[in-house]
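Undergrad: Okay, predicted coordinates and the sequence, questions at the end:
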Amino acid sequence: MAPDASVKTASAAAPVTATPRVGRLVRWDVIVTALLIVVFIGGALGTPDFATGDNLSFALDDLCEIALIALPMTLLVVVGEVDLSVASALGMSSALLGALWDAGWAIETIVPLLIVVGAVTGLVNGLLVTRLGLPSLAVTIGTLTLYRGLAYVVLGTKAVAEFPQNYADLATGTVPGTPIPYPFALFIVLAIITAVVLHATGAGRAMFAIGAQEEAAFFAGIRVKRIKLLLFVVSGVVSAFAGVIYTLRYGSARADNGLGLELAVIAAVLLGGVDFDGGRGTLGGVVAGVLLIGLLRNLLMLRDVATEIQSIVTGLLLIVSVLTPRIVAGVREARRHPRGSMSASSQ
């Protein structure tokens, strides 16, 4: 039977698994949310400009691309895959936007084309993973370099600017009466939709089942390859659209736009409690992780902390988010099965 075959027993897939627990009752995503609240209160009390509407608007605007790309990345990690080419797809989208705008194309024509290009980048990743059986980590490291190289082929090292003001306003303006930027408002809508799909539909249960035990999910009738392929395509589409927002927000199309952004996206997803091995996590935890990274970066910037130190903080958060649940799980397992009792039972 082919791995993509359909069986009517799809509903028999494994149930949704929770995010990793630290201790007996506290979930990791709850800890991250609590840490987010602590950072916000500490920043508001210790840094005068931190809690102002203008600064919060800037902080949210600054993490919009990370937040948007983190949504499909969450779904990919849940099914046990990863896409490291997202920042390069963003950069290629930005380069194409600049080249086509410089050639006299209208924005209304360019954006749909970029969405198609984004879908193709995701399709390439997905086909290499699902049809050739290659590991997504290796594949997307390769396409990370490929797509960034294509961005330089398209635009070179030059920058293109002077985009229409009405589109720039959509990328930088805020929802009337709030400090929420329009792109972040879009993120909120998409996050709600993604949360419903992941936690309240059969498709979400299928994703968790694939990440928890892919072979069992296949024999339960879940279209494993089709779901993974679709998620890679969605990742490419969102990355391309994030490239449009990034370009209009900074007012500059460059081939190196978004360089290194994939690390912040992965950090936010793992910090939010999604297990890198798949099958565990909540979207609420990811949203908290995105906001925590964004507010920390903003707070460090307000305190004139060097960019290099900010990168170190992000890296440390990533390491802590991966190691802590595993260390705690190892300690709990050791308590359940002490070495002495195991050796005694074997005698």
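TA: That came through fine.
Undergrad: which element is Thr109 on?
TA: Following DSSP states H and E, one finds Thr109 within helix 107-130.
Undergrad: Which positions in that helix come out as buried?
TA: For helix 107-130, the neighbour count (16 or more other C-beta atoms under 10 Å) marks 110-111, 114-115, 117-119, 121-130 as buried. The way it works is simple: take the backbone N, C-alpha and C, and place the C-beta from them, glycine included.
Undergrad: how many neighbours does Gly133 have?
TA: Around Gly133 there are 9 other residues, counting by other C-beta atoms under 10 Å.
Undergrad: Surely it forms part of a helix?
TA: No - Gly133: not assigned to a helix; according to DSSP: H, G, I helix; E, B strand; the rest coil it is coil.
Undergrad: elements contacting the helix holding Thr109?
TA: On a contact count with 3 or more C-beta pairs under 8 Å, 6 or more residues apart in numbering; DSSP states H and E, helix 107-130 meets helix 86-102, helix 136-155, helix 224-250.
Undergrad: Name all residues that make contact with the residue nearest in space to the middle of the chain.
TA: Central residue of the chain (C-alpha atoms, centre = their mean): Ala70, 1.8 Å from the mean position. Counting by C-beta atoms under 8 Å, 6 or more residues apart in numbering, Ala70 makes contact with Val265, Ala268, Val269, Val286, Gly289, Val290.
Undergrad: which element is the fourth one on?
TA: Same thing as Val286. If you go by DSSP H and E, Val286 is part of helix 283-302.
Undergrad: Would you tell me what the next helix or strand after that helix is?
TA: Helix 283-302 is succeeded, C-terminally, by helix 307-336 (DSSP H and E).
Undergrad: could you check the angle helix 283-302 makes with that following helix?
TA: 140 degrees (axes from the mean of the first three to the mean of the last three C-alpha atoms, to 10 degrees).
Undergrad: tell me what helix 307-336 is packed against?
TA: strand 21-22, helix 28-46, helix 261-271, helix 283-302.
Undergrad: buried stuff in stretch 27-43?
TA: Within stretch 27-43, the residues scored as buried using 16+ other C-beta under 10 Å are Arg27, Trp28, Asp29, Val30, Ile31, Val32, Thr33, Leu35, Leu36, Val39, Phe40, Gly43.
Undergrad: sorry, back to before: can you list the helices and strands packed on helix 107-130 in a markdown table and add mean pLDDT and mean neighbour count?
TA: Converted to a markdown table, these look like this (pLDDT from 0 to 100; neighbours: other C-beta atoms under 10 Å):
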| stretch | mean pLDDT | mean neighbour count |
| --- | --- | --- |
| helix 86-102 | 97 | 27 |
| helix 136-155 | 96 | 19 |
| helix 224-250 | 97 | 24 |
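Undergrad: Switch these over to JSON lines; also include distance to Ala334.
TA: Converted to JSON lines, those look like this (distance: least, C-beta to C-beta, whole Å):
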{"stretch": "helix 86-102", "distance to Ala334": "37"}
{"stretch": "helix 136-155", "distance to Ala334": "29"}
{"stretch": "helix 224-250", "distance to Ala334": "34"}
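Undergrad: So for Val331, which of those helices sits nearest?
TA: helix 136-155 (27.9 Å; C-beta to C-beta).
Undergrad: Just the CA atoms of stretch 101-119, as CSV, please.
TA: C-alpha atoms of stretch 101-119 as CSV (Å, rounded to 0.1, in the frame of the first residue of the first chain):
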residue,chain,number,x,y,z
TRP,A,101,8.8,47.3,-9.3
ASP,A,102,12.0,48.7,-10.8
ALA,A,103,10.9,47.3,-14.2
GLY,A,104,7.6,49.2,-14.0
TRP,A,105,5.2,46.5,-12.8
ALA,A,106,2.3,47.4,-10.6
ILE,A,107,2.2,46.2,-6.9
GLU,A,108,-1.2,44.7,-7.6
THR,A,109,0.3,42.4,-10.2
ILE,A,110,3.6,41.7,-8.3
VAL,A,111,2.1,40.5,-5.0
PRO,A,112,-0.1,37.7,-6.5
LEU,A,113,3.0,36.6,-8.5
LEU,A,114,5.1,36.5,-5.4
ILE,A,115,2.5,34.3,-3.6
VAL,A,116,2.8,31.8,-6.5
VAL,A,117,6.6,31.9,-6.3
GLY,A,118,6.3,31.3,-2.5
ALA,A,119,4.1,28.3,-3.1
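Undergrad: How far away from the center of its chain is that stretch?
TA: Chain-centre distance of stretch 101-119: 24 Å, with C-alpha atoms, centre = their mean, to the nearest Å.
Undergrad: where in this structure is pLDDT low?
TA: 1-26, 325, 328-329, 338-347 (pLDDT under 70).
Undergrad: what do you get if the cut-off is 50, keeping everything else the same?
TA: In the predicted model, the chain carries pLDDT under 50 at residues 1-18, 23-25, 342, 344-346.
Undergrad: Near Val313, how many other residues are there?
TA: Neighbour tally, Val313, other C-beta under 10 Å: 17.
Undergrad: any idea how far Gly278 is from it?
TA: 27 Å (C-beta to C-beta, to the nearest Å).
Undergrad: Check Ser57 too.
TA: 36 Å.
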